[in-house]
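In: I would like the atomic coordinates for the input below:
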Amino acid sequence: MLSFGLTIVRHGETQYNKDGLLQGQGIDSSLSEVGIRQAEAAGCYLQDVPFTNVFTSDMKRAKETAEIIVRMNRTCNGVDIDIHPTLKERSFGVAEGGRVEDMKNMAKAAGLSIPEYTPPEGETVDQVKARISAFLTAMFQKMAQDHQDKICLDKEKQLAETDGPLPGHPDDGVLDVPAHALVVTHGAYMRVVVRYFVEDLACSVPLDSDMTQVFSACSNTGMCRFIVTLKFSESDIKLSAMKCVFVNRQDHLKKEDS
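Out: Residues are numbered from 1 along each chain as shown. From the prediction side, this is the model:
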């Protein structure tokens, strides 16, 4: 068994985000000045949280955010950033470059919410889930390869976790895990990730969670954290358990605004 932390961060703001426009995969924007400050605030918040592995989308806004967080982290010296196209944003087809409000109207006309709606030539939720599954397979293999010395045969020790209210610290949930992966990706992609984890992979959520909030859109540089436990056979690596620590945490942005 191998348990590791998984912290997923949405990229910082771009000018398209500020203007309420859809980027998807067709528009590869860089961070705005506000987005850079948000990424720096996220990096400051996470600066003392150990990361053993870093993965990011191949799109500029995600790569720039990951680079800033890694640069500011005190434990990431020598940690390579693994770039994965499977982490790129959901494609919105013909709606890319247009207003988010226009796509909301398109979804409404189809009798669907935005997360359920697929614009013409866009990517369906199931297609995004397939990319998520492909990324998880690659990440699980990488974590197992990099942390063979941390694999534990004692199942009870691996799954020992504390319940109850979180203290609200940057290292919540990952104090005792032997490895920790940082993933930087995109808002619509993250929304599918969380639903996929909970509904398809039986990821547990904190007691008394408001599921509307759990499945809500994540703000720029909003963070989600999970504890993942893998099990091994002679020829395979499989997910054994997954626990959600928190979703859409924005404490670093509140500190920046104060």
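In: Not counting sequence-adjacent ones, nearest residue to Lys129?
Out: Counting by Cβ to Cβ, 6 or more residues apart in numbering, Lys129 lies nearest to Tyr196, which is 5.3 Å off, once chain neighbours are set aside. To be clear about C-beta, it is placed using only N, CA and C from the backbone, and glycine gets the same treatment.
In: ok, now Phe4?
Out: Per Cβ to Cβ, 6+ apart, closest to Phe4 is Ala179, 3.9 Å.
In: give me the number of residues near that neighbour?
Out: Using other Cβ atoms under 10 Å, Ala179 is surrounded by 20 other residues.
In: so where do the helices sit in the stretch 51-200 of the chain?
Out: Assigned by DSSP state H, counting those that start in this stretch, the helices in the stretch 51-200 of the chain fall at 60-72, 100-109, 125-146, 155-159, 187-195.
In: tell me what the third one is packed against?
Out: Contacts defined by 3 or more Cβ pairs under 8 Å, 6 or more residues apart in numbering; DSSP states H and E place helix 125-146 against strand 2-10, strand 53-56, strand 180-185, helix 187-195, strand 223-232, strand 237-249.
In: residue ranges with poor pLDDT in the stretch 101-250 of the chain?
Out: 153-164 (pLDDT under 70).
In: re earlier: can I get the helices of the stretch 51-200 of the chain in JSON lines including mean neighbour count and distance to Val34?
Out: Listed next are the helices of the stretch 51-200 of the chain as JSON lines, based on neighbours: other Cβ atoms under 10 Å; distance: least, Cβ to Cβ, whole Å:
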{"stretch": "helix 60-72", "mean neighbour count": "22", "distance to Val34": "12"}
{"stretch": "helix 100-109", "mean neighbour count": "14", "distance to Val34": "17"}
{"stretch": "helix 125-146", "mean neighbour count": "16", "distance to Val34": "27"}
{"stretch": "helix 155-159", "mean neighbour count": "14", "distance to Val34": "41"}
{"stretch": "helix 187-195", "mean neighbour count": "21", "distance to Val34": "15"}
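In: Which one of these lies nearest to Asp19?
Out: Of all those, it is helix 100-109 that lies closest to Asp19, at 9.4 Å by Cβ to Cβ.
In: and the closest one, how far out from the chain's middle?
Out: Its chain's average C-alpha position is 25 Å from that of helix 100-109, according to Cα atoms, centre = their mean, to the nearest Å.
In: returning to what we had before: shouldn't the residue nearest to Lys129 be in contact with Ala130?
Out: No - taking contacts as Cβ atoms under 8 Å, Tyr196 lies outside contact range of Ala130: 10.1 Å.
In: Now do the helix or strand where Gly35 lies, average pLDDT.
Out: Counting by DSSP states H and E, the element that carries Gly35 is helix 33-45. The average pLDDT within helix 33-45 is 98.
In: Okay, buried residues for stretch 194-211 please.
Out: For stretch 194-211, the neighbour count (16 or more other Cβ atoms under 10 Å) marks Val194, Arg195, Tyr196, Phe197, Val198, Cys203, Val205 as buried.
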